[in-house]
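Enquirer: Kindly return the folded structure for what I paste below:
(one chain, ligands or ions: 1)
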Amino acid sequence: MRIIIEPDYEAISRKAAQIVADRIRKKPDIVLGLATGSTPLGMYQELIRMHKEESLDFSKVVTFNLDEYWGLPSSHPQSYHYFMWNNLFSHVNITSERVHIPSGTVNDVEAYCSWYEDKIKKAGGIDLQILGIGRDGHIGFNEPGSSLGSRTRMKTLTPETVEDNARFFENKDEVPKFAITMGGGSIMEAKECLLLASGKNKAETVQRCIEGPICAECTSSILQLHPKVIAILDEEASQKLRRKEYYKYVEKMALKFKKS
Ligand code: GLP
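Expert: Now for the predicted structure:
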């Protein structure tokens, strides 16, 4: 895993956007896996800026989102549909037929989830998957105890996740208790993953994800088995990494190597 440590949230957002933009420029019809949450917001803002000021072209890009709350219609301001259109898609030149976000209102969840997986496959698989990390170590909504080989399905959210997400809702009782999420197995099929984390309240989780044992108790730890992951962390999120200085040294050496 490549670990990039930047001073603060603004810097991780810029770095992540540079990587995404680079991959889009190299492959204009790239298939992106996208994430919600507050962490990727700065990166989305920077991508919008790049679209407007540097002609970053989204016209051929295809996207698949990781997850959606169960029970929220796409028009609900806290749905991930709403989030993605509001924070990215409406501001760039992408058309709705290239955007895929799991539905939180289908009747036959099982059939829908296998249709979603199939859609990803038919698009050629995800080239670059953006990931945030939940306080309990989840990626997508793969809560502790999720099978690390799981596929897209319905998950019951942990009380911690419900509590963490309550800040976006008017009252805690409104927070959905279930979500449809791509599984650990689905995420691992992405050709490359970009994991973002910011702030000291993520520091312990980040340490477990990157340096802890690979286990269902911290589903993001499965990324240790992925051949191509870049983790972009700010100083605060990286403060509990045991080998933090080594990771910084590796990046410094890589830079020297590229220059020579
Ligand atoms: C939710 C999302 C995750 C996200 C996590 C962290 O649980 N399903 O994809 O990574 O929140 O959110 P934040 O970035 O706001 O800390």
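Enquirer: Leaving out the residues flanking it, which one is nearest to the closest residue to the ligand within the stretch 151-260 of the chain?
Expert: The nearest approach of the stretch 151-260 of the chain to the ligand comes at Thr161, 5.6 Å away (Cβ to the nearest ligand atom). C-betas here are computed from N, CA, C, even on glycine. Among residues not flanking Thr161 along the chain, Gly134 sits closest, at 5.8 Å (Cβ to Cβ, 6 or more residues apart in numbering).
Enquirer: What's the separation between the one you found and the ligand?
Expert: The gap separating Gly134 from the ligand is 4 Å, by Cβ to the nearest ligand atom, to the nearest Å.
Enquirer: again, but for Ile139
Expert: As judged by Cβ to the nearest ligand atom, Ile139 and the ligand stand 7 Å apart.
Enquirer: cool, and Ser55?
Expert: When distance is defined by Cβ to the nearest ligand atom, Ser55 is 29 Å away from the ligand.
Enquirer: Can you give me the neighbour number for that residue?
Expert: Residues near Ser55, counting by other Cβ atoms under 10 Å, number 8.
Enquirer: what sits up against the strand or helix carrying the residue of the stretch 151-260 of the chain closest to the ligand?
Expert: Assigned by DSSP states H and E, Thr161 belongs to helix 159-165. Identification of contacts with helix 159-165 by Cβ atoms under 8 Å, 6 or more residues apart in numbering yields 134-136, 138, 141, 143, 157, 172, 175, 177.
Enquirer: Mind doing that once more with 7 Å?
Expert: Applying Cβ atoms under 7 Å, 6 or more residues apart in numbering, the external contacts of helix 159-165 come out as 134-136, 143, 175, 177.
Enquirer: tell me the secondary structure for Lys240?
Expert: With DSSP: H, G, I helix; E, B strand; the rest coil as the basis, Lys240 sits in coil.
Enquirer: hmm, back to that, output the contacts of helix 159-165 as CSV; include the columns neighbour count and distance to Glu46.
Expert: Below are those laid out as CSV (neighbours: other Cβ atoms under 10 Å; distance: Cβ to Cβ, whole Å):
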residue, neighbour count, distance to Glu46
Gly134, 24, 23
Arg135, 14, 25
Asp136, 20, 28
Glu143, 20, 30
Val175, 19, 29
Lys177, 15, 33
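Enquirer: now, among those residues, which is nearest to Leu223?
Expert: Leu223 has its nearest neighbour among the contacts of helix 159-165 in Gly134, at 13.6 Å by Cβ to Cβ.
Enquirer: Quick check: which element contains the closest one?
Expert: Going by DSSP H and E, Gly134 is not in any helix or strand.
Enquirer: now Leu255
Expert: Secondary-structure assignment from DSSP H and E places Leu255 in helix 244-259.
Enquirer: Residues in contact with that helix: which ones?
Expert: Helix 244-259 has contacts (Cβ under 7 Å, 6+ apart) with 3-5, 238, 241.
Enquirer: Widest-spaced pair of these?
Expert: Of all pairs in the contacts of helix 244-259, the most separated under Cβ to Cβ is Ile4 and Leu241 at 12.2 Å.
Enquirer: send the alpha carbons of the helix holding Thr161 over as CSV?
Expert: What follows is helix 159-165 as a C-alpha-only set of coordinates in CSV (Å, rounded to 0.1, in the frame of the first residue of the first chain):
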residue,chain,number,x,y,z
PRO,A,159,-25.3,2.0,16.5
GLU,A,160,-21.9,3.9,16.1
THR,A,161,-22.5,4.5,12.4
VAL,A,162,-26.1,5.6,13.0
GLU,A,163,-24.8,8.0,15.7
ASP,A,164,-22.0,9.3,13.4
ASN,A,165,-24.5,9.9,10.6
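Enquirer: What are the buried residues along the helix or strand just after it?
Expert: Next along the chain after helix 159-165, taking DSSP H and E as the criterion, comes strand 178-181. Within strand 178-181, the residues scored as buried using 16 or more other Cβ atoms under 10 Å are 179-181.
Enquirer: For strand 178-181, which strands pair with it and how are they oriented?
Expert: strand 67-69 (antiparallel), strand 153-156 (antiparallel) (DSSP bridges).
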